[in-house]
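In: Okay, here's the prediction I keep looking at, along with the sequence it came from:
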Amino acid sequence: MKILFATPECAPYVKTGGLGDVSAALPATLARLGHDVHLLLPAYRGMKVSGEIGDGVELPAYGPWPAAQLVPVKAPNGVTLLLLACPALYQRAGGPYVDAGGNDYGDNALRFGLLSRVAAQLGTVQSPLPGWTADVVHCNDWPCGLAPLYLALARSLPLQQRTAASVMTIHNLAFQGVFPMESADLLGVPHHWRGLDGVEFWGQLSMLKAGLQFADAITAVSPTYAREIQTEAHGVGLDGVLRARSARLRGILNGIDTQAWDPASDALLPHRFGRDGLQGKSLNKKALQVRSGLTAEPRAPLFAVVSRLTEQKGIDLVLAALPRLLAAGAQLVVLGQGQPELQAALRKAAEQNPRQVAVTLGFDEGLAHLIEAGADAFLMPSRFEPCGLNQMYSQAYGTPPIVAPVGGLRDSVTDATKDPANGTGFVMKSADAAGLDDALQRALRTWKEPPLWRKLQLNGMSRNFGWEDSAEEYLSVYEQAIAAM
Ligand code: ADP
Ligand code: GLC
């Protein structure tokens, strides 16, 4: 199958969260299964890409968009990267979505409108890439949301033979790409699709809604999240649209990159370890404690957080639970960046308890690996979690996760109290302070019984979180989408 995977971020080139990891691992797995996978990604500033660079294709200026270039690069993992080069739109200081000051770029509608437009074109007979037209265009999150609409538009034109099918994947419904309705003219959204049945969201234009309305198939990144987002409580205003399209909506749990995240071969760790012996894990714990300025006490349970510091992730719940953790002699390490008030509160906690709490503000891949390897338990009390990857990394690294009973967390962690034989972590009874408190008490009790704790670790390390099964599920969604066109 010829698959175009369109995404605003892809590790290791550019990553702000889990979408970057998924964009690296899923296309590579599909390529390994024998499919022809092209990955469309904006060429942001400072991005370093290795591989065999092919001839660039010129994309002429069109409507509000300046001329651009499509540069194919054959990556070593079998995927062909298509870098969308348009310096006026993408070569900027700052991240993929926000400027250096953390504010959305004022022209995001155009920046991601172009990504969507080129993605759609690659699925039509007018594909700009000589000799290559996608069978399916797989769109990820709101930045690609207009692509299904553009494909539907191409299909509706009199001379258009056929186009690729479109699949829209929801990684996080909270980010919707909402812009003033005036941008509909610039973006070429036809008048008859600007209403409630089209892109309209409270008087504005929603790029994610466009994707949900026009895609041939919709997926969410876990089965539980696919159900949750059809309810008012978790639908962020789009639950009605999702309910109306529920026959086309499926939840597929993300996998993890089992090469990058394998404690037995992880080059980012000072000490490697596996199921046959956890000595290396103890050494990593010591290295982490020393590096973080914590007391190098092997018996102190070391809890960890690696996360965007936002409301979603329940960081305030971690702060609220901290006094009891400290009273129990536990330690906490946090790596993350995000909301200033959460950063400040964490920093204060570290200043007040330098031997028990360590906080690193920033993005640090190497430290993230050391924390997964060196910590004893991982905290993810998210208010909602479409899938979540760190709870899977944690299980692979013998670091039982303590998670909220939501989304992909629920689908990937087995509660040790409910199912002691197969437990891999602790699932909170509710996604709130009481739920976290109860789960922490259960974890601390288990910690005091080393054989039970070890069982929990080994259960998690025996899980297979590879991408193969999920990639097969995506292939069946692609086939259904093609059949349903
Ligand atoms: P989300 O995409 O909602 O942020 P996920 O759990 O799906 O959550 O993915 C987060 C990814 O980003 C993981 O790979 C995690 O290790 C990584 N990550 C998050 N914050 C940091 C950070 N400050 N430094 C390094 N890696 C981070
Ligand atoms: C989003 C979600 C996260 C998910 C990731 C990859 O960022 O917040 O739960 O794991 O996308 O799908």
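Out: Received the coordinates, thanks. The shown structure was predicted, so the numbers you read here are calculated from the model rather than taken from an experiment. Ligands and ions are numbered 1, 2, ... in the order given.
In: sec struct for residue 303, please.
Out: strand (DSSP: H, G, I helix; E, B strand; the rest coil).
In: is it true that it touches residue 374?
Out: No. Contact status for residue 303 versus residue 374: not in contact, 11.5 Å apart, counting by CB atoms under 8 Å. In this view, the C-beta of every residue, glycine as well, is placed from N, C-alpha and C.
In: who's more crowded, those two?
Out: It is residue 374, of residue 303 and residue 374, that has more neighbours when counted by other CB atoms under 10 Å, with 28 against 25.
In: nearest spatial neighbour of the more buried one, skipping sequence neighbours?
Out: Distances taken as CB to CB, 6 or more residues apart in numbering put residue 288 closest to residue 374, at 3.2 Å, once the chain neighbours are dropped.
In: for residue 282, same thing?
Out: Residue 282 sits nearest to residue 298 (CB to CB, 6+ apart), 6.4 Å away.
In: which residues does that neighbour contact?
Out: Counting by CB atoms under 8 Å, 6 or more residues apart in numbering, residue 298 makes contact with 282, 285, 286.
In: just those now: which is nearest residue 276?
Out: For residue 276, the nearest member of the contacts of residue 298 is residue 282. The distance, counting by CB to CB, is 14.4 Å.
In: Go ahead and confirm residue 71 touches residue 51.
Out: No. The criterion here is CB under 8 Å, and residue 71 misses it with residue 51 at 10.7 Å.
In: Tell me which of those two has more neighbours.
Out: Neighbours per residue, other CB under 10 Å: of residue 71 and residue 51, the larger number sits with residue 71, 17 against 14.
In: That one should be in a strand, yeah?
Out: Yes. Residue 71 sits within a strand when classified using three-state DSSP.
In: Just checking the longest helix anywhere in the chain against ligand 1, any contact.
Out: Ranked by number of residues, the top helix in the chain under DSSP state H is helix 468-484. No. Residues of helix 468-484 contacting ligand 1 under CB under 6 Å from any ligand atom: none, with a closest distance of 13.9 Å.
In: So the residue nearest to residue 374 versus residue 473, what's the distance?
Out: Separation of residue 288 from residue 473 (CB to CB, to the nearest Å): 36 Å.
In: What parts of this protein come near ligand 2?
Out: Residues of the chain lying near ligand 2 (CB under 6 Å from any ligand atom): 17-19, 22, 171-172, 221, 254, 385-389, 408.
In: Looking at those, spot the one nearest residue 347.
Out: Looking across the residues of the chain next to ligand 2 and measuring by CB to CB, the closest to residue 347 is residue 17, at 21.7 Å.
In: Give me the neighbour count for the residue nearest to that closest one when sequence neighbours are not counted.
Out: Nearest non-adjacent residue to residue 17, counting by CB to CB, 6+ apart: residue 308, 6.0 Å away. Other residues near residue 308 come to 17 when the count uses other CB under 10 Å.
In: What's the separation between the closest residue in space to residue 273 that isn't next to it in sequence and residue 265?
Out: Leaving aside its chain neighbours, residue 273 sits nearest to residue 280 (2.9 Å; criterion: CB to CB, 6+ apart). Distance of residue 280 to residue 265, computed by CB to CB: 12 Å.
In: so which strand or helix has residue 322?
Out: Assessed by DSSP states H and E, residue 322 sits inside helix 315-327.
In: So which bits of this protein are right by ligand 1?
Out: 17-18, 21, 306-308, 335-337, 363-365, 368, 387-390.
In: Strands of the stretch 101-250 of the chain, residue ranges please.
Out: If DSSP state E, counting those that start in this stretch is used as the criterion, the strands of the stretch 101-250 of the chain fall at 136-140, 165-170, 178-179, 200-201, 204-206, 217-220, 249-251.
In: which residues are contacting the longest one?
Out: When you say that, I think you mean strand 165-170. Residues from elsewhere that reach strand 165-170 (CB under 8 Å, 6+ apart): 120, 123, 135-141, 144-145, 147-148, 151-152, 208, 211-212, 214-221, 225, 229, 386, 474, 477-478, 481-482, 484-485.
In: what about the residue of the stretch 101-250 of the chain found nearest ligand 1, how many neighbours?
Out: Closest to ligand 1 within the stretch 101-250 of the chain is residue 172: 6.3 Å, counting by CB to the nearest ligand atom. The number of residues packed around residue 172, counting by other CB under 10 Å, is 21.
In: The stretch 1-150 of the chain: helices as residue ranges?
Out: Ranges of helices within the stretch 1-150 of the chain are 18-32, 87-90, 108-121, 146-156, based on DSSP state H, counting those that start in this stretch.
In: Would you mind putting those helices into CSV with mean pLDDT and mean neighbour count alongside?
Out: As requested, the helices of the stretch 1-150 of the chain are exported to CSV (pLDDT from 0 to 100; neighbours: other CB atoms under 10 Å):
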stretch, mean pLDDT, mean neighbour count
helix 18-32, 97, 23
helix 87-90, 98, 17
helix 108-121, 98, 25
helix 146-156, 96, 24
